[in-house]
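K.L.:
Sequence first, then the predicted structure:
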Amino acid sequence: MAADTATPAIEFRDVSFRVENTQVLSGFNLQVARGQTLVLLGRSGSGKTTTLKLVNRLVAPTSGEIRVNGKPNDGVEVTRLRRGIGYVIQDSGLFPHFTVEKNIGLVPKIEGWPQDRIQARIQELLHLVGLPPEISTRYPHQLSGGQRQRVGVARALAADPEILLMDEPFGALDPLTRDELQREFLLLQQRLHKTVVFVTHDLREALRIGSRIALMEAGKLVTVLTPQEFVKSSDPWAAAYVRAFGDGLDSAASRGVS
Amino acid sequence: MNVVRFMVENHAQVVDLTLEHLWLVGLSTVFAMLIGIPLGIAVAHRPRLNKPVLASANVIQTIPSLALFGFLLPVPWLGERSDRLAILALTLYALLPIIRNTYTGICGVDPAVIEAGRGMGLTESQLLFQVELPLAVSVILSGVRVAVVISVGLATIAAAIGAGGLGEFIFRGLAMVDNRVILAGAIPAAMLALLADIGVGWLEKGLRTR
């Protein structure tokens, strides 16, 4: 598993994807280094989510290749691949008929972990995402949106994957909760150093949490920049984004975990 | 009151015919579930099968029951014993509500939940047994409930081909123009339908997962 650090954790090589007559993605090349948080930024329909799903093969490319840890991701059994990649989606996608602990413990369970190790891991993860232990016996509908999303993150981390895919995970939250979760995400990432691919259309969020920002438009990668570069960029698309979001972005780009 | 006296006097036969009735309904429901639930799942997963399967089940439903019993009578192995024939016919009638509800139940599972499960690395069968079926179970059972209630009623007609059941009283009463005898079959049949409805409903509530 632990390929040398020079190998990118995720690599897209000339990937294109089309559904019927719509070209969703074309000529897509991108590398995500180990331990980095790469944000895919773009408007709706720009192909961000598809890009994300190509990594864990929820979507297969029409042409090109996606490498995970240096190996083509269609060379391994798909369930194996996916269990090594955490996946968090907007409405958390928690199983409504499972309690919090069953949700978090599902992948470890089907991976055959012993019960006491699963229990210990659940407690550890709840603590990690800032949830009280007594929440473990509740059902998803008994939680707030922010709590559900925290459980979603905990569930994705359960089997300790090296890679985390997050599809607008904080998109449906109110601004205060979103701010809180973004801050916690940064703290978490300082400790765990996962390779994260994070989809958003919110530039502020991108600047705050990304190590690099990949800007997408109409199925193409426009540019990849650090947050500091992004706010000063002369690229017309990047500049348009910066204009649309207005003042105060410089401070967001300085990534204070205040 | 006459009915009650008649039933008490013939209680052995009332019990026998009720048990026979239960046997016809029970066995055919089990068969219909064994066929209908997998078919409903297949239809939900492959939308192209949707129309032909549901249409066939619909067509079966439109055949008058007496005609269906008649049609099946000359079939070699079936015709030998009328209870076989009755069970087959009742199974066919019970298919539609079970297939349809299984299909509806599985399709009603939030696609985000399915995708999250698939993204986590669940296999298709783990998705089915751990996610889709548990979430669809109450809808599926309400289909079973409808099927059982229909079957209890239809099974009375099975007596016309000699398959037994509470219909025997009803047909005999009709022939004798004796309301007491008709009611001795109709009342227990109605009670069976009610009890089955309550029973499956109770099971449904017990298994509801939210």
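P.N.:
Cool, got the structure.
K.L.:
same for the helix or strand where A:L106 lies, what does it pack against?
P.N.:
Using DSSP states H and E, A:L106 sits in helix A:100-110. Applying 3 or more Cβ pairs under 8 Å, 6 or more residues apart in numbering or on different chains; DSSP states H and E, one finds that helix A:100-110 contacts helix A:115-128, helix A:145-157. Any C-beta I mention is one placed from the backbone N, CA and C, and that applies to glycine too.
K.L.:
now with 10 Å?
P.N.:
helix A:78-83, helix A:115-128, helix A:145-157 (3 or more Cβ pairs under 10 Å, 6 or more residues apart in numbering or on different chains; DSSP states H and E).
K.L.:
Would you mind giving those as CSV with mean neighbour count, distance to A:L106 and mean pLDDT added?
P.N.:
Below are the helices and strands packed on helix A:100-110 laid out as CSV (neighbours: other Cβ atoms under 10 Å in any protein chain shown; distance: least, Cβ to Cβ, whole Å; pLDDT from 0 to 100):
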stretch, mean neighbour count, distance to A:L106, mean pLDDT
helix A:78-83, 18, 11, 92
helix A:115-128, 16, 9, 94
helix A:145-157, 24, 7, 93
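K.L.:
wait, which of those is closest to chain B?
P.N.:
Of all these, it is helix A:78-83 that lies closest to chain B, at 3.4 Å by Cβ to the nearest Cβ.
K.L.:
and the next helix or strand after the closest one, C-alpha only, in CSV?
P.N.:
Using DSSP H and E, the helix or strand that follows helix A:78-83 in sequence is strand A:85-88. Below are the C-alpha coordinates for strand A:85-88, written out as CSV (Å, rounded to 0.1, in the frame of the first residue of the first chain):
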residue,chain,number,x,y,z
ILE,A,85,-11.3,5.2,0.1
GLY,A,86,-13.6,7.1,2.4
TYR,A,87,-16.6,8.7,0.8
VAL,A,88,-18.7,11.6,2.3
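K.L.:
quick one: strands adjacent to strand A:85-88?
P.N.:
strand A:163-167 (parallel) (DSSP bridges).
K.L.:
okay, the angle between the helix or strand following the partner strand and strand A:163-167?
P.N.:
Using DSSP H and E, the helix or strand that follows strand A:163-167 in sequence is helix A:175-192. Comparing the axes of helix A:175-192 and strand A:163-167 via axes from the mean of the first three to the mean of the last three Cα atoms, to 10 degrees yields an angle of 170 degrees.
K.L.:
Give me the residues contacting helix A:175-192.
P.N.:
For helix A:175-192, the external contacting residues (Cβ atoms under 10 Å, 6 or more residues apart in numbering or on different chains) are A:35-37, A:128-130, A:144-147, A:149-150, A:153, A:157, A:160, A:162, A:164, A:166, A:169-174, A:194, A:196, A:198, A:202, A:204-205, A:208-209, A:211, A:255-258.
K.L.:
Tell me the buried residues in it?
P.N.:
A:T177, A:R178, A:E180, A:L181, A:Q182, A:E184, A:F185, A:L188, A:Q189 (16 or more other Cβ atoms under 10 Å in any protein chain shown).
K.L.:
Can you add pLDDT and give these back as CSV?
P.N.:
Shown next, in CSV, are those (pLDDT from 0 to 100):
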residue, pLDDT
A:T177, 90
A:R178, 91
A:E180, 91
A:L181, 92
A:Q182, 93
A:E184, 91
A:F185, 93
A:L188, 91
A:Q189, 92
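K.L.:
What is the nearest of those residues to B:F6?
P.N.:
Using Cβ to Cβ, A:T177 comes nearest to B:F6 of the buried residues of helix A:175-192, at 71.0 Å.
K.L.:
Relative to A:G130, how far out is that closest one?
P.N.:
Per Cβ to Cβ, to the nearest Å, A:T177 is found 12 Å from A:G130.
K.L.:
what does the model give A:R243 for pLDDT?
P.N.:
On pLDDT, A:R243 comes in at 87.
K.L.:
name the element it belongs to?
P.N.:
Using DSSP H and E, A:R243 sits within helix A:236-245.
K.L.:
Packing partners of that helix?
P.N.:
strand A:37-41, helix A:203-209, strand A:212-217, strand A:220-225, helix A:227-232, helix A:249-253.
K.L.:
Return the most buried member of these.
P.N.:
Among the helices and strands packed on helix A:236-245, ranked by average contacts under mean count of other Cβ atoms under 10 Å in any protein chain shown, first place goes to strand A:37-41 (a mean of 25).
K.L.:
any low-confidence regions in the stretch 101-250 of chain A?
P.N.:
Within the stretch 101-250 of chain A, the ranges that satisfy pLDDT under 70 run A:247-248, A:250.
K.L.:
Residue of it nearest chain B, please.
P.N.:
A:V107 (5.6 Å).
K.L.:
What residues of whichever helix in chain B runs longest count as buried?
P.N.:
Secondary structure of chain B per DSSP state H: the longest helix is helix B:11-45. By neighbour count on 16+ other Cβ under 10 Å, the buried set for helix B:11-45 is B:14, B:17-18, B:20-25, B:27-29, B:31-33, B:35-37, B:39-44.
K.L.:
Go through the helices and strands of chain B and name the one with the lowest mean pLDDT.
P.N.:
One helix or strand of chain B scores below all others by mean pLDDT, DSSP states H and E: helix B:76-80, with a mean of 77.
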